[in-house]
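**Student:** Fold the following and give me the result.
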Amino acid sequence: MNDGKISVRYARALYNLACENRCEDTVYEALRNFTVSVGQNFAQFDAVLANPIISDEDKVGLINAAIGESVPDCLKGFVKFVVEQGRESKMYLIALKYQEKYRTDKNILLTHVTTATELPAETLEKIKTYVEKIFHATVETTVSIDPKLIGGYTLDIENNRMDASVAGQLNRVKEELKREQ
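**Tutor:** Next up is the predicted model:
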């Protein structure tokens with residue numbers, strides 16, 4: 001069976017279980033922590049889970065440790081079930097698909113702001129409020145700093161980018177000059 005279908009089915013099952021137990025928000029936060037902590041070392045994490053010498057109990061412990069301190073009971077049971085089914089290598093994808101489903105159902109948009117320097121909290125809040133007003137959705141924002149922007153910012157909303165950076169403006173001028181030649 002296709003890896004995407006497996007992860008979607010398991011994620012949907014977990015979401016339904018979490019909703020029944022009224023812990024979908026807690027599971028969402030726990031799985032966000034999991035994907036952040038595992039994301040940067042995914043290959044190594046996956047290799048450990050694929051190792052047949054490691055017991056299922058240790059695999060469950062490893063996944064729960066990667067999730068963090070407060071693993072909801074319904075998630076603990078789900079992780080154990082996933083490992084028992086031999087699908088532990090899909091846990092990262094399941095976590096991503098769960099987050100996708102949660103955000104869709106709760107009308108949450110992912111946004112990412114990139115600035116040349118650190119952004120004041122008030123400015124970030126204004127950007128967030130603006131996006132929430134335009135899209136009629138709750139906004140989850142991450143921020144990064146890229147000095148190459150020179151000034152201004154870029155705003156990524158799902159798969160769309162708004163470029164209000166100095167570097168972006170300079171590139172647009174450069175492209176315009178190329179067309180005129």
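**Student:** these two touch, right, residue 146 and residue 117?
**Tutor:** No: at 9.8 Å, residue 146 and residue 117 do not qualify as touching, with contact defined as C-beta atoms under 8 Å. C-beta here means a position set from N, CA and C on the backbone, and glycine is covered the same way.
**Student:** How many neighbouring residues does residue 96 have?
**Tutor:** Residue 96: 17 surrounding residues under other C-beta atoms under 10 Å.
**Student:** can I assume it is in contact with residue 35?
**Tutor:** Yes: judged on C-beta under 8 Å, residue 96 makes contact with residue 35 at a distance of 6.1 Å.
**Student:** Pull the contacting residues for the closest residue to residue 138 other than its chain neighbours.
**Tutor:** Distances taken as C-beta to C-beta, 6 or more residues apart in numbering place residue 108 nearest to residue 138, at 4.7 Å, with adjacent residues excluded. Residue 108 is in contact with 102, 137, 138, 139, 140, counting by C-beta atoms under 8 Å, 6 or more residues apart in numbering.
**Student:** By neighbours, which of those wins?
**Tutor:** That'd be residue 102 among these, by other C-beta under 10 Å, with 22 neighbours.
**Student:** Which residues does whatever helix or strand that one lives in contact?
**Tutor:** According to DSSP states H and E, residue 102 maps onto helix 91-106. Helix 91-106 is contacted by residues 3-4, 6-8, 10-12, 14-15, 24, 27-28, 31-32, 34-35, 38-39, 42, 45-46, 49, 63, 79, 82, 87, 108-110, 138, 140 when judged by C-beta under 8 Å, 6+ apart.
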